[in-house]
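Asks: No sequence on hand, only this structure:
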């Protein structure tokens, strides 16, 4: 049985077991970020410097470290 904070790699992704309130329900495996996995040895972490989109995906820098990503289907060619 997994315990809070256990990590595993499955399907090429890192997962962390969480259970915020054991009295209300079972725990679950959640996708992990690099920073959550202690000693992962992957380096990196931090922030993204560039986020770009190709039509119909639009990315707009809202603030430092905050990007709004959306899909604008009006930029697609009409189907004949």
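Replies: Perfect, thanks for sending it. Bear in mind that the values here come from a model prediction, so they are computed numbers and not experimental data.
Asks: Low-confidence stretches in this protein?
Replies: 33-51, 80 (pLDDT under 70).
Asks: okay, now the domains of the chain?
Replies: For the chain, the structural domains run 1-46, 47-80, going by automatic domain parsing.
Asks: just those domains: most buried one?
Replies: domain 1-46 (a mean of 11; mean count of other CB atoms under 10 Å). For every residue, glycine as well, the C-beta is placed using N, CA and C.
Asks: Do a quick rundown of the strands in this protein.
Replies: 7-10, 13-18, 28-31, 57-63, 66-71 (DSSP state E).
Asks: Surely residue 13 and residue 31 touch.
Replies: Yes. Contact criterion CB atoms under 8 Å: residue 13 and residue 31 qualify, at 6.0 Å.
Asks: Quick check: residue 4 touching residue 17?
Replies: Yes. If you go by CB under 8 Å, residue 4 and residue 17 touch, sitting 6.4 Å apart.
Asks: Quickly list what's touching both of residue 13 and residue 31.
Replies: Common neighbours of residue 13 and residue 31 (criterion: CB atoms under 8 Å, 6 or more residues apart in numbering): none identified.
Asks: what about stretch 59-74, distance to the chain center?
Replies: The chain centroid and the centroid of stretch 59-74 are separated by 16 Å, computed with CA atoms, centre = their mean, to the nearest Å.
Asks: Quick one: end-to-end distance for it.
Replies: With CA to CA, to the nearest Å applied, stretch 59-74 spans 15 Å between its terminal residues.
Asks: any chance of the strands of the chain in CSV, with distance to residue 79 too?
Replies: Shown next, in CSV, are the strands of the chain (distance: least, CB to CB, whole Å):
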stretch, distance to residue 79
strand 7-10, 39
strand 13-18, 35
strand 28-31, 35
strand 57-63, 19
strand 66-71, 17
